[in-house]
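Asks: sequence unavailable; structure follows:
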C-alpha cells in the first residue's frame, strides 16, 4: 500500500527525499522591453523562476512596474487573484549583471535593437556574453524573427545549444511558438526547447530557417496592403480593421496589430525582410515611415 502512495505524494512535492530537478526551473531573459516583459510574466505564471538582464536600474524598475500593471489588469477582469499576482511577481527578478544568469537552464535573448543594420552584430554580442556566464548545457535562444539563429550561433564555443523561439505576444490569446532548428542545433536541444514551449502552455510550430518565419512575413504583406488601401482612400483605418477582425475572424486588424507591436518595430521587421529578399512586398510603406518619423509609434 505504501508503494502505491509514494508516486502521488512525490508528484505533489510532499516528499523531498527523492525529488528530481525539473528540466526547466530557472529561465533567463536578456532585455525586458514589451516582449521580454510578456515572456517573464508567462514563464513565471508557469511556475519557473525568472531572472532578466537590463541596462539600468530604471529600466529594471519600469519592467517590474509594467508586469505588475498587466497582472492588475488581469485581476480586474477576473483572470487571476491578488494571491496569484504575488506568487508570479515573487519569481521575477531583475539584474544588471550577466553573471546572475548562472544556473539558468534556458536564456532567451529579447533585446530591442533600434538599428536594423546592426541588429545581428548586437545579438551576436549578447549571445557571447550569455555563453561566458552559463553552464555548457544551458540552452541559448533568440526571440528574434528576422535574425538567423545559425548566424548568431556561429561564433560560440557550444554552437549546438542555440535555437530560435519566437513567442508571439502581439495577440493576447496567441497560443503558438515558432521553433527554429539551426544548422548547428542538436536534436536534444531542439526537443528540450519544444518541451519548454509545452510547459508554458503553448503549441510548437516547427519552422525552417527563414527571415520573418511564418508570422512576420505574412503580417508584413498584409500590413503593407492595408496601408496602400488607406492611402488610396478605399476605406478608413477603423473599417479596414473591422473587416479583418469581424469579417475574417482575426483577433486584431492589421493597424491594431501594428499599434500593439510598435510601428518602429514593424518598420525594422520590414526593412530586414526587404534587405534579405529584395521583394517590394516587404518594403515599408511610406505611411509607416511617416508615422515613425513623427514618433507616433502605437500603443505598445
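Replies: Sure, I can see it. Worth saying up front: this structure is predicted, and the values here are computed from it rather than measured.
Asks: for the helix or strand hosting residue 189, buried residues please.
Replies: Per DSSP states H and E: residue 189 is located in helix 187-199. Buried residues in helix 187-199, counted by 16 or more other CB atoms under 10 Å: 189-190, 192-194, 196-197, 199. C-betas here are computed from N, CA, C, even on glycine.
Asks: helices or strands up against it?
Replies: Counting contacts by 3 or more CB pairs under 8 Å, 6 or more residues apart in numbering; DSSP states H and E, helix 187-199 is packed against strand 139-142, strand 162-167, strand 176-180, strand 203-207.
Asks: and the longest one, what does it pack onto?
Replies: Where contact means 3+ CB pairs under 8 Å, 6+ apart, strand 162-167 is packed against helix 34-45, strand 139-142, helix 149-153, strand 176-180, helix 187-199.
Asks: any idea how far residue 88 lies from residue 277?
Replies: For residue 88, the distance to residue 277 (CB to CB, to the nearest Å) stands at 40 Å.
Asks: between these two, which is the more surrounded one?
Replies: Between residue 88 and residue 277, residue 88 has the larger neighbour count (other CB atoms under 10 Å), namely 23 against 14.
Asks: what's the pLDDT at that one?
Replies: Per-residue pLDDT puts residue 88 at 97.
Asks: so how far is the first residue of stretch 132-141 from its last?
Replies: Distance across stretch 132-141, first residue to last, is 15 Å (CA to CA, to the nearest Å).
Asks: can you give me the buried ones in it?
Replies: Buried residues in stretch 132-141, counting neighbours by 16+ other CB under 10 Å, are found at 133-134, 138-141.
Asks: can you redo the helices and strands packed on helix 187-199 as JSON lines with distance to residue 104 and mean pLDDT?
Replies: Formatted as JSON lines, the helices and strands packed on helix 187-199 follow (distance: least, CB to CB, whole Å; pLDDT from 0 to 100):
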{"stretch": "strand 139-142", "distance to residue 104": "9", "mean pLDDT": "98"}
{"stretch": "strand 162-167", "distance to residue 104": "14", "mean pLDDT": "97"}
{"stretch": "strand 176-180", "distance to residue 104": "18", "mean pLDDT": "97"}
{"stretch": "strand 203-207", "distance to residue 104": "21", "mean pLDDT": "97"}
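Asks: ranking those strands by burial, who's on top?
Replies: strand 139-142 (a mean of 28; mean count of other CB atoms under 10 Å).
Asks: who's in contact with it?
Replies: 105-110, 123, 127, 130-131, 134, 149, 152-153, 156, 161-165, 189, 192-193, 196 (CB atoms under 8 Å, 6 or more residues apart in numbering).
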